[in-house]
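Participant: I would like the atomic coordinates for the input below:
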Amino acid sequence: MRDSQYHAIIVGGGLVGASLALALARAGKRVALLEARPPSFDGLDSGWDARIYAVSPANRRFLESLGTWPGMERIGAIAAMDVCGDAGGRIQFSARDADADALAWIAENRWLLAALWRQLADSDVDCLHGGAQSLATTASEARLALDNGRQLSAELLVGADGANSWVRSQLGLAASVKPYGQSGVVANFACEKPHQGVARQWFTGDSILAWLPMAGNRISMVWSTPDPQSLLILSPEALAEKVAAAGGRQLGAFSTLTAAAAFPLRLIQPEAVVSERVALIGDAAHTVHPLAGQGVNLGFQDAAQLADLLRAAPDCGDWMLLRRYQRQRREAVTTMQLGCDSLYRLFHAKMPGLSWLRNTGLSLTNCCAPLKRQFARQAIGY
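Facilitator: The predicted structure is shown next:
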């Protein structure tokens with residue numbers, strides 16, 4: 001079949017890949033977006049999605065610029081954070097500390113994805129479905145062979161295909177993979193009492209429990225635990241009771257809205273996120289522990305900053321341009337990865353006296369207004 005030539009081919013049509021495709025198309029670039037299966041949004045209004053994201057103010061603006069911010073009836077706002085240590089330590093801060101309307105907004109994966117793909121349907125992006133068979137690059141182009149025999153070429157190929165990236169493996173880019181020995185268990189609940197926009201988090205010594213405020217009297221739970229099966233085997237009623245009790249019943253009784261699901265937690269750090277005519281974004285380029293809820297925010301900023309660099313570029317795959325993208329993203333990604341990893345290890349370490357030290361540190365920070373403002377600014381930094 002005859003080659004199809006593009007400025008950019010994006011492999012992976014999830015949130016990050018779809019947002020980059022749309023941003024590049026709006027900049028006048030010819031873009032192909034390859035996703036294994038066309039997403040289905042049947043029954044979008046029924047039920048709730050267990051996969052939720054805390055979208056930062058900067059990334060809300062990015063999505064709004066693309067016309068892809070969902071209706072507010074499905075969005076929850078985080079107005080404040082309440083974090084408890086494993087031995088009485090506590091820190092609380094709010095959006096007011098950062099002079100902001102909210103620290104983040106809680107949005108469901110399928111609603112964000114539906115908003116992006118609806119815009120893609122009205123755009124000039126070539127949305128292709130199927131699998132990729134091989135990838136090759138030269139000094140002048142990237143070539144992608146699809147499993148239906150079609151051959152594509154582009155100035156730049158972008159891997160947005162997740163933590164187990166096929167693109168990354170095809171390039172032979174080594175990645176440091178550090179399992180945490182935990183899984184993140186997610187589920188949504190209706191709660192008896194109003195959550196008042198407060199995100200709550202508990203470090204328990206061997207696990208981390210978070211309640212994130214959704215629209216209405218609902219919360220999304222993320223429970224990072226070494227024993228996910230103990231939660232997955234519970235009935236909906238038993239799960240609701242266990243989660244409510246684990247948080248001291250601060251929001252009263254719970255009822256389960258979505259079945260619990262689990263995913264393994266790993267820290268992934270590739271040796272590089274660019275290669276000849278190729279760039280990685282999103283989870284293909286990095287993963288972080290979910291305790292700060294920043295994974296998708298880092299990915300959206302990959303897309304936003306790469307789109308900005310490519311907007312006026314005469315050659316989207318120019319090596320110096322790709323190196324610039326890698327340098328721009330390295331500090332933000334490394335800072336978030338190291339910060340989350342260090343906090344995780346601090347609250348899981350068993351050294352004598354460390355429990356007192358970390359909890360005292362939390363409580364002292366809670367008494368220091370300048371430090372609290374800094375925490376709040378960090379929370380909305382992406």
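Participant: What average pLDDT does the longest helix along the chain get?
Facilitator: Ranked by number of residues, the top helix in the chain under DSSP state H is helix 319-348. The average pLDDT within helix 319-348 is 82.
Participant: I'd like to know which elements it is packed against.
Facilitator: Secondary structure elements in contact with helix 319-348, counted by 3 or more CB pairs under 8 Å, 6 or more residues apart in numbering; DSSP states H and E, are strand 261-270, strand 274-275, strand 278-280, helix 295-310, helix 354-366. (Each C-beta comes from the backbone N, C-alpha and C, glycine too.)
Participant: Can you pull out the residues in contact with the third one?
Facilitator: The one in question is strand 278-280. With contacts defined as CB atoms under 8 Å, 6 or more residues apart in numbering, strand 278-280 is touched by 135, 137, 142, 156-160, 165, 167-168, 171, 173, 270, 273-274, 306, 317, 322, 325-326.
Participant: Which PyMOL command selects the buried ones in these?
Facilitator: Of the contacts of strand 278-280, the buried ones go into a single PyMOL selection, burial set by 16 or more other CB atoms under 10 Å:
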select buried, resi 135+137+142+156+157+158+159+160+165+167+168+171+173+270+273+274+306+317+322+325
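Participant: Report pLDDT for the residue nearest the centre of the chain.
Facilitator: With distances taken as CA atoms, centre = their mean, Val296 lies nearest the centre of the chain, 1.9 Å away. Per-residue pLDDT puts Val296 at 90.
Participant: Asp283 versus that one, what's the distance?
Facilitator: For Val296, the distance to Asp283 (CB to CB, to the nearest Å) stands at 9 Å.
Participant: Give the other helices and strands that the helix or strand hosting Ala25 contacts.
Facilitator: Using DSSP states H and E, Ala25 falls within helix 15-26. On a contact count with 3+ CB pairs under 8 Å, 6+ apart, helix 15-26 meets strand 4-11, strand 31-35, helix 109-121, helix 295-310.
Participant: Can I get the shortest one in PDB? Just the C-alpha atoms.
Facilitator: Translated: strand 31-35. Provided in PDB are the C-alpha atoms of strand 31-35 (Å, rounded to 0.1, in the frame of the first residue of the first chain):
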ATOM      1  CA  VAL A  31      -1.200  14.000  12.500                       C
ATOM      2  CA  ALA A  32      -2.100  10.300  12.600                       C
ATOM      3  CA  LEU A  33      -3.200   8.800  15.900                       C
ATOM      4  CA  LEU A  34      -3.000   5.000  16.200                       C
ATOM      5  CA  GLU A  35      -5.100   3.200  18.900                       C
END
